[in-house]
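Let me see the structure of the following:
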Amino acid sequence: QLQLVESGGGLAQPGGSLRLSCTASGFNLDTYAFGWFRQAPGNEREGVSCLSENGARSKYADSVKGRFTVSRDNAKNTVYLEMHSLKPEDTAVYFCATVEHDIDFDVCLRPKYDYYGQGTQVTVSS
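So this is what the prediction gives:
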């Protein structure tokens with residue numbers, strides 16, 4: 001059974017960093033594209049980043065561009081989201097998502113994926 005498990009969330013100070021992991025089980029992620037989403041209380045789910053099937057292409061929401069980096073390690077069956085220069089407005093539950101084969105990058109920040117993890121809480125506060 002395909003499963004995604006996020007980890008690495010927690011409390012960070014403004015300006016700090018966190019690295020989120022999304023570990024896949026039940027499938028080999030090398031033929032899947034991935035996305036990261038977040039949802040703050042009272043807000044809709046927001047697309048943060050996406051990564052192509054071969055890892056060559058990535059895309060970021062304007063709100064995180066230059067601060068977040070998405071990557072994948074197929075050998076570890078894991079996708080990462082490196083977050084730097086964190087701001088209080090980054091506080092949210094972060095989810096990873098996946099779809100087999102590639103995704104249209106025009107829509108990859110929309111919830112067009114087939115599978116989602118349960119999320120990990122990120123809180124940015126002093």
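
got the CA coordinates for stretch 81-91 in CSV?
In CSV, the C-alpha atoms belonging to stretch 81-91 read as follows (Å, rounded to 0.1, in the frame of the first residue of the first chain):
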residue,chain,number,x,y,z
LEU,A,81,11.9,20.4,1.7
GLU,A,82,14.7,22.6,3.0
MET,A,83,13.2,25.8,4.6
HIS,A,84,15.4,28.8,5.5
SER,A,85,14.8,32.3,6.6
LEU,A,86,11.5,31.1,8.2
LYS,A,87,8.8,33.7,8.9
PRO,A,88,5.8,33.5,11.3
GLU,A,89,3.6,33.3,8.2
ASP,A,90,5.2,30.0,7.3
THR,A,91,3.4,28.4,10.3
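
And the residue most central in space within the chain, which helix or strand is it part of?
When Cα atoms, centre = their mean is applied to the chain, the residue found nearest the centroid is residue 36 (2.5 Å). Here residue 36, judged by DSSP states H and E, is contained in strand 32-39.

which residues touch that strand?
20, 22, 24, 45-53, 70, 72, 79, 81, 90, 92-103, 108-109, 111, 113, 116, 119, 122 (Cβ atoms under 8 Å, 6 or more residues apart in numbering). In short, each C-beta sits where N, CA and C put it, glycine included.

Which residues are in contact with the residue lying closest to residue 86 once chain neighbours are set aside?
In this structure, residue 86 finds its nearest non-sequential neighbour in residue 124, 4.5 Å apart by Cβ to Cβ, 6 or more residues apart in numbering. Listed by Cβ under 8 Å, 6+ apart, the contact set of residue 124 reads 11-14, 16, 86-91.
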